[in-house]
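K.L.:
No letters, just coordinates:
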């Protein structure tokens, strides 16, 4: 870590001492930034993902423009199913779409095992390039969807309200679901290991759709695979963040995956979760993304509420509880980052550290 | 209650002794039933709500066809904003739409105070008629949206993904939001009191969109108003069920409203919630609605899981964790009801009752 000028984020992931709370924003390289939209006007979303120069360029924008403490490589969770042989299309405003959704055993058998260094080389190149351009200013995060979340998209084929098709799969053909989940687990573990080899300093696993499952189903169809990925991944000290949006029935289950950090959405009280976990993991979150629609004074008071809820001590990475909304004013995102930087040091004074976890 | 041949549901709401667990299904009078669709073909949704004969007819269908232990009057939560002066349109598959959403102080001042016996007389007539036709077979439930959920629809004007408009309202013009919420609280309390006077045996308050709020915001913009409604309502022994979908951070807060029963979605473990509440309320729920896509054997095993999770003793009303999905086979809904009737008596044997709450 000695090469990083700002390693606050990594120290917080490991619950080490920091002088203030680090902050980054999910989807920080995104449409709310005019500088992003300028590039996006000239290249479609997937072209941006697949062109390392463009991906690296937008990855760095929020570091320069709003001053976050970590960069996250610009990419999409669906590059893995695409590399496995699915036809991915992205439609602005309509969400991603697979024209050949996975529905039968034949569809499953056609999913190929990926070699991330070959099939997703453009991601590794983007990581190397972003790393070089960051030049040690802040850490770089890599990410993947969880097997369950990837399965959901692969089976539904497009956005869904009730997730009927994937629910029918798990309730009527559970062994087929597990077959795909096992393939995805292997792919995600290989992919994240490759990203680490390519240079990311931490990884985040997004389980965007874990929250549509009952506790039992979540444990059977999502949680165990995330745990397996974390145990399979080749890494040194690179922390793993697990963000299971809407899965709030028992944080100790999420911690049991071996994740170093749990991401929290804004529907839970981060202080209560901290109390339950008793230092088992660091916590990331959890401001309502819609707070960035408010005026600066309100943003400030809401930032302070989250800091106060977490309380004194280490192990907190400030973030939104979900991705930043595309119609937020960039100056409000910057205000959020500035408020965290200015208001958080008092939660990290020496006396408090002794009381912290 | 002496006039009811089957008052299991009401006894369970009051945590009194029952010989088995009662069961009903949210949206049980709905599109999954061919008998419902036959009526719906001849009349649009709002006409059905506003024609007491049709509303009563579909209200009784699930009692006859699938054998539930309670009927719920066929209606819609948006009849209140319509009665307050908003123009409501229902589009099959697209959801409801208001052409004059509430956005300004002027819009708010135009919302009129309702007299349920005049402005929503068709609901009261439907209740009386359904009550008469039920002839004491099972209790009849009335319902309303919570002020927050009604506000969300009234401000957004139509379905929403991020609820940006209503979030902008509460973060930037909280006093205007509270003004509308106060008006709605009055209207809902009057409406539910009138329904009770018209003959319903219990009421359910649906907070469908409470789950998009942080805990603090939920308490400020939803919870306190539900508590106020419950304290204002004119009722004798009629229980109140409060179902705040996706609000799972602290069930004791939900119980603090004075509700007799809490409805639970399927993302929580009903047994754990029971342990937390220690008998403060009865619980209703909480099978994943998508389980009804499965085969009978799976439906049975999932029904048993919910019964086992709740455990022995009284105070459980079996239900789905959300409305029944429109493409479910009616025979699967009937199988669910039959499995609850057949499998639940062993959770109500005398010995267990003594251990129960």
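P.N.:
The structure has been received and is ready for your questions. Remember, it's a predicted structure, so these values are computed and weren't measured experimentally. Residues are numbered from 1 along each chain as shown, chains lettered A, B, ... in the order given.
K.L.:
Please make it C-alpha for all contacts and neighbour counts, starting now.
P.N.:
Will do.
K.L.:
Rounded mean pLDDT for stretch A:44-63, please.
P.N.:
Across stretch A:44-63, pLDDT averages out at 97.
K.L.:
which parts of that stretch are buried?
P.N.:
A:45, A:48-63 (16 or more other CA atoms under 10 Å in any protein chain shown).
K.L.:
Likewise for stretch A:123-131?
P.N.:
Judged by neighbour count (16+ other CA under 10 Å), stretch A:123-131 contains these buried residues: A:123-131.
K.L.:
which one of those residues sits closest to chain B?
P.N.:
Chain B has its nearest neighbour among those in residue A:123, at 29.5 Å by CA to the nearest CA.
K.L.:
Now tell me what touches the helix or strand harbouring that closest one from outside.
P.N.:
Using DSSP states H and E, the element containing residue A:123 is helix A:121-134. Contacts to helix A:121-134, defined as CA atoms under 8 Å, 6 or more residues apart in numbering or on different chains, come from residues A:49-53, A:55-57, A:59-60, A:73, A:75, A:117, A:140, A:194-195, A:198-200.
K.L.:
Out of those residues, list just those in helices.
P.N.:
Applying DSSP state H to the contacts of helix A:121-134, the entries found in helices are A:49-50, A:52-53, A:55-57, A:59-60, A:117, A:194-195, A:198.
K.L.:
Grab the two from these that are most spread out in space.
P.N.:
The widest separation within these, taken as CA to CA, falls between A:60 and A:117 and amounts to 22.8 Å.
K.L.:
Do you have the strands of the stretch 51-200 of chain A handy? List them.
P.N.:
With DSSP state E, counting those that start in this stretch, the ranges of strands along the stretch 51-200 of chain A come out as A:71-72, A:88-91, A:95-98, A:140-145.
K.L.:
Just the mean pLDDT for the shortest one, thanks.
P.N.:
To tie it back to what came earlier, the one meant is strand A:71-72. 98.
K.L.:
That strand pairs with which strands?
P.N.:
With DSSP bridges as the test, strand A:71-72 is paired with strand A:140-145 (parallel).
K.L.:
Okay, buried residues for the strand it pairs with please.
P.N.:
Neighbour counts over strand A:140-145 (16+ other CA under 10 Å) mark A:140-145 as buried.
K.L.:
Could you report the distance from the closest residue to residue A:232 other than its chain neighbours to chain B?
P.N.:
Nearest residue to residue A:232 in three dimensions, chain neighbours excluded: residue A:189, at 6.1 Å (CA to CA, 6 or more residues apart in numbering or on different chains). Look at residue A:189 and chain B: by CA to the nearest CA, to the nearest Å, they are 27 Å apart.
K.L.:
For stretch A:160-168, measure first residue to last.
P.N.:
Terminal residues of stretch A:160-168 lie 13 Å apart, using CA to CA, to the nearest Å.
K.L.:
what about that stretch and chain B, touching?
P.N.:
Yes. If you take CA under 8 Å from any CA of the partner chain as the test, stretch A:160-168 does meet chain B, through A:164, A:167-168.
K.L.:
Any stretches of chain A with poor pLDDT?
P.N.:
A:1-2, A:92-93, A:351-357 (pLDDT under 70).
K.L.:
Show me the domain layout of it.
P.N.:
Taking automatic domain parsing as the criterion, chain A consists of the domains A:1-21+A:278-357, A:29-65+A:70-263.
K.L.:
buried residues in stretch A:324-334?
P.N.:
The neighbour-count check on stretch A:324-334 (16+ other CA under 10 Å) flags A:324-325, A:328-330, A:332-334 as buried.
K.L.:
and the two most separated of the residues you listed?
P.N.:
Farthest pair in these, by CA to CA: A:325 and A:334, 13.9 Å.
K.L.:
Not counting sequence-adjacent ones, nearest residue to residue A:9?
P.N.:
Nearest non-adjacent residue to residue A:9 (CA to CA, 6+ apart): residue A:22, at 5.3 Å.
K.L.:
do you know how far the one you found is from residue A:277?
P.N.:
Distance of residue A:22 to residue A:277, given as CA to CA: 20 Å.
K.L.:
With neighbour numbers in mind, choose between those two.
P.N.:
Comparing residue A:22 with residue A:277 by other CA atoms under 10 Å in any protein chain shown, the one with more neighbours is residue A:22, at 27 against 18.
K.L.:
Contact distance from chain B - what residues of chain A qualify?
P.N.:
Neighbours of chain B within chain A, by CA under 8 Å from any CA: A:164, A:167-168, A:171-172, A:211-215, A:247-249, A:266-269, A:288, A:290-291, A:293-295, A:298.
K.L.:
Try it again at 6 Å.
P.N.:
Within chain A, the positions near chain B by CA under 6 Å from any CA of the partner chain are A:168, A:171-172, A:214-215, A:249, A:266-268, A:293-294.
K.L.:
Those: which two are farthest apart?
P.N.:
A:172 and A:294 (45.6 Å).
K.L.:
neighbour count winner among those two?
P.N.:
Under the criterion of other CA under 10 Å, the comparison of residue A:172 against residue A:294 puts residue A:294 first, with 21 against 16.
K.L.:
what's the spacing between the residue in the stretch 251-357 of chain A that chain B sits nearest to and residue B:216?
P.N.:
At 4.5 Å from chain B, residue A:267 is the closest residue in the stretch 251-357 of chain A, using CA to the nearest CA. From residue A:267 across to residue B:216, the span is 9 Å (CA to CA).
K.L.:
Pick out whichever of those two has more residues nearby.
P.N.:
Applying other CA under 10 Å to residue A:267 and residue B:216 shows that residue A:267 carries more neighbours, namely 26 against 14.
K.L.:
surely the more buried one meets residue B:217?
P.N.:
No. The criterion here is CA atoms under 6 Å, and residue A:267 misses it with residue B:217 at 9.5 Å.
K.L.:
Can you give the contact residues for stretch A:238-252?
P.N.:
With CA atoms under 6 Å, 6 or more residues apart in numbering or on different chains as the test, stretch A:238-252 has contacts from A:201-208, A:210-211, A:259-263, A:265, B:268.
K.L.:
Ends of that stretch, what's the gap?
P.N.:
End-to-end distance of stretch A:238-252: 21 Å, with CA to CA as the criterion.
K.L.:
what distance separates it from the middle of the whole chain?
P.N.:
Distance of stretch A:238-252 from the chain centroid (CA atoms, centre = their mean, to the nearest Å) equals 10 Å.
K.L.:
residue boundaries of the strands in the stretch 251-357 of chain A?
P.N.:
Under the criterion DSSP E, counting those that start in this stretch, strands of the stretch 251-357 of chain A are mapped to A:261-263, A:282-287, A:316-320.
K.L.:
can you list those strands in a markdown table and add mean neighbour count?
P.N.:
As requested, the strands of the stretch 251-357 of chain A are exported to a markdown table (neighbours: other CA atoms under 10 Å in any protein chain shown):
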| stretch | mean neighbour count |
| --- | --- |
| strand A:261-263 | 26 |
| strand A:282-287 | 27 |
| strand A:316-320 | 29 |
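K.L.:
As CSV, those with distance to residue B:36 would be great.
P.N.:
Formatted as CSV, these follow (distance: least, CA to CA, whole Å):
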stretch, distance to residue B:36
strand A:261-263, 44
strand A:282-287, 43
strand A:316-320, 44
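K.L.:
Could you report the neighbour count for residue A:219?
P.N.:
When neighbours are counted by other CA under 10 Å, residue A:219 comes out with 16.
K.L.:
What of the one 3 residues further on?
P.N.:
Residue A:222 has 24 neighbouring residues, counting by other CA under 10 Å.
K.L.:
Could you find the closest non-adjacent residue to it?
P.N.:
residue A:148 (5.1 Å).
K.L.:
Check residue A:33 too.
P.N.:
Take residue A:33 and drop its neighbours on the chain: the residue closest to it by CA to CA, 6+ apart is residue A:330, 6.0 Å away.
K.L.:
Taking the stretch 101-250 of chain A, what residue is nearest to chain B?
P.N.:
Closest point on the stretch 101-250 of chain A to chain B, by CA to the nearest CA, is residue A:214, at 4.5 Å.
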